[in-house]
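Novice: return atomic coordinates for the entry below.
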Amino acid sequence: MSTLEPTWEPFEEAARHITRGDLPESVFAFPRQHKEPMTDAQHVRNAVARFDQVLDVSDEDRALAFANIEKAAKYYGVNLSESNWHELGKHPNLHRSEAAAKAARTRKRHSKETPGKSS
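Specialist: Numbers count the residues shown, from 1 in each chain. Down below sits the predicted model:
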């Protein structure tokens, strides 16, 4: 399997005031499908969380999406624990309970880091 070059590029021009349809293809994890836009750190985390929910994509599309996620994560300072797209899954909802447990651990860790903020 070849390593794909990421196509993701930062896009921060009025990102909060632009509609999804107006976003350039280069901000999506899955650019051909216009799925999982990554315009900030939260959207990168969402792309990781929803990776296995994107339907009807090839393994090559998933490899490209992961390369895009890695590039966006580095740009926005998001730490990824996964080292390849297979760790994110390829079947919708297959790892839902595992993902839910991981999300709960993350929320718990963040609530300890931000005292006085309730979840």
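Novice: from residue 106, how far off is residue 30?
Specialist: Going from residue 30 to residue 106 by C-beta to C-beta, to the nearest Å gives 23 Å. Using the backbone N, CA and C atoms, a C-beta is placed for each residue, glycine as well.
Novice: if you count surrounding residues, which of the two has more?
Specialist: Legend: neighbour count by other C-beta atoms under 10 Å for residue 30 and residue 106, higher for residue 30 (20 against 12).
Novice: might you report the residue contacts of the more buried one?
Specialist: 36, 54, 57, 61, 64-65, 68 (C-beta atoms under 8 Å, 6 or more residues apart in numbering).
Novice: let's have those in JSON lines, adding distance to residue 11 and neighbour count.
Specialist: Converted to JSON lines, these look like this (distance: C-beta to C-beta, whole Å; neighbours: other C-beta atoms under 10 Å):
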{"residue": "36", "distance to residue 11": "14", "neighbour count": "24"}
{"residue": "54", "distance to residue 11": "20", "neighbour count": "18"}
{"residue": "57", "distance to residue 11": "22", "neighbour count": "15"}
{"residue": "61", "distance to residue 11": "20", "neighbour count": "19"}
{"residue": "64", "distance to residue 11": "17", "neighbour count": "22"}
{"residue": "65", "distance to residue 11": "17", "neighbour count": "29"}
{"residue": "68", "distance to residue 11": "12", "neighbour count": "26"}
